[in-house]
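# show me how the following folds:
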Amino acid sequence: TRATNALLERRGAPAALVITEGFGDLLSIGTQQRPDLFALAIEKPQPLVEAVIEADERLAADGAELRPLDVRALDSAARELLDRGIRSAAVALAHAYRNPCHERRAAAVLRDAGFDHVAASSELAPVIGFLERAETAVVDAYLGPVLAGYLAGVRRAVGTSRVHLMTSAGGLAEATAFRAVDALLSGPAGGVMG
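From the prediction side, this is the model:
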C-alpha cells in the first residue's frame with residue numbers, strides 16, 4: 001500500500017534515468033496510446049524522473065557491442081545529478097535483455113559515484129520491450145528509497161526477526177530480496193490472498 005500510494009500521489013524520491021543515447025524522450029513518447037484519439041489538447045502525466053542522462057553506448061539487437069559505454073562521461077553526469085540532490089537512478093539501455101554488460105557497468109558507475117539506489121532494467125525485467133523495461137526500472141528507482149526508509153523502521157521495530165513482504169503477485173519475499181517494483185500492487189494482492 002505504501003508503494004501504491006507513493007506512486008499515485010507522486011511522492012517518490014527524485015530519480016534520474018540513464019538511457020541509451022538518442023532515446024532520452026522514450027518515456028515521454030511512450031506507446032502513443034491515449035484515451036481520446038482525436039483530442040487536440042493531449043494531457044499526459046509528466047515522467048517520474050527529474051533528469052535523463054543519455055549514455056554514449058550501443059549494443060546490437062543480438063547483444064554484440066557496437067560502441068563501448070563511455071564511463072568517464074557517465075561518471076561526470078552522475079556527479080552533477082548528485083550535486084542537484086538526485087540520489088536514485090534507473091538504468092535502461094537498448095538490448096540489455098540480451099547482454100546486460102553495459103547496464104551492469106553503468107549501475108556500478110552510479111553506485112561508485114554515490115547513488116543510494118540504482119535499478120537496472122535487465123535485472124528487474126529482462127524482456128525484449130525497451131519501453132516496458134525502462135518504465136519498470138524508473139518505478140523501482142522512484143519508489144525504492146521510499147520503501148527503504150519504511151523497511152528500516154520495520155527492521156528496527158522487529159529486531160533480529162526475519163521480515164517478509166507481500167509482492168504484487170500475492171507471494172512473500174524476504175526483505176533482502178525485495179524490490180520496490182514488486183510492491184506496487186501488493187495491497188490488492190494481499191486482499192485477494194486473504
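# show the model's pLDDT score for the residue sitting nearest the centre point of the chain.
Closest residue to the average C-alpha location of the chain: residue 137 at 2.3 Å, with CA atoms, centre = their mean. Residue 137 is assigned a predicted lDDT (pLDDT) of 97.
# the one 4 residues further on now?
As summarised for this prediction, residue 141 has a pLDDT of 97.
# and residue 164, by the same measure?
Here, the pLDDT recorded for residue 164 equals 87.
# tally of neighbours for it?
Neighbour count for residue 164, taken as other CB atoms under 10 Å: 13. C-beta: built from backbone N, CA, C; applies to glycine.
# ok, residue 110 - contacts?
Applying CB atoms under 8 Å, 6 or more residues apart in numbering to residue 110 gives the contacts 18, 74, 78, 89, 91, 118.
# quick check: residue 117 vs residue 8, distance?
Separation of residue 117 from residue 8 (CB to CB, to the nearest Å): 20 Å.
# pick out whichever of those two has more residues nearby.
The residue with more neighbours, out of residue 117 and residue 8, is residue 117; 22 against 8, by other CB under 10 Å.
# contacts only, for the more buried one.
For residue 117, the contact set (CB under 8 Å, 6+ apart) comprises 13, 87-89, 141, 144-145, 148.
# any chance of the residues you listed in a markdown table, with distance to residue 97 and secondary structure too?
Below are the contacts of residue 117 laid out as a markdown table (distance: CB to CB, whole Å; DSSP: H, G, I helix; E, B strand; the rest coil):
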| residue | distance to residue 97 | secondary structure |
| --- | --- | --- |
| 13 | 25 | coil |
| 87 | 26 | coil |
| 88 | 22 | strand |
| 89 | 19 | strand |
| 141 | 18 | helix |
| 144 | 21 | helix |
| 145 | 25 | helix |
| 148 | 26 | helix |
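# quick check, nearest of those residues to residue 49?
Distance ranking of the contacts of residue 117 against residue 49, using CB to CB, places residue 141 first at 7.6 Å.
# measure the closest one to residue 2 for me?
Distance, residue 141 to residue 2, by CB to CB: 16 Å.
# higher neighbour count, the two?
Applying other CB under 10 Å to residue 141 and residue 2 shows that residue 141 carries more neighbours, namely 33 against 17.
# residues contacting that one?
So residue 141 contacts 13, 15-17, 49, 88-90, 117-119 (CB under 8 Å, 6+ apart).
# any idea how far the lowest-mean-pLDDT helix or strand in the chain is from the middle of the chain?
The helix or strand of the chain with the poorest confidence is helix 186-193; it has a mean of 80 (mean pLDDT, DSSP states H and E). Relative to the centre of its chain, helix 186-193 is centred 23 Å away, using CA atoms, centre = their mean, to the nearest Å.
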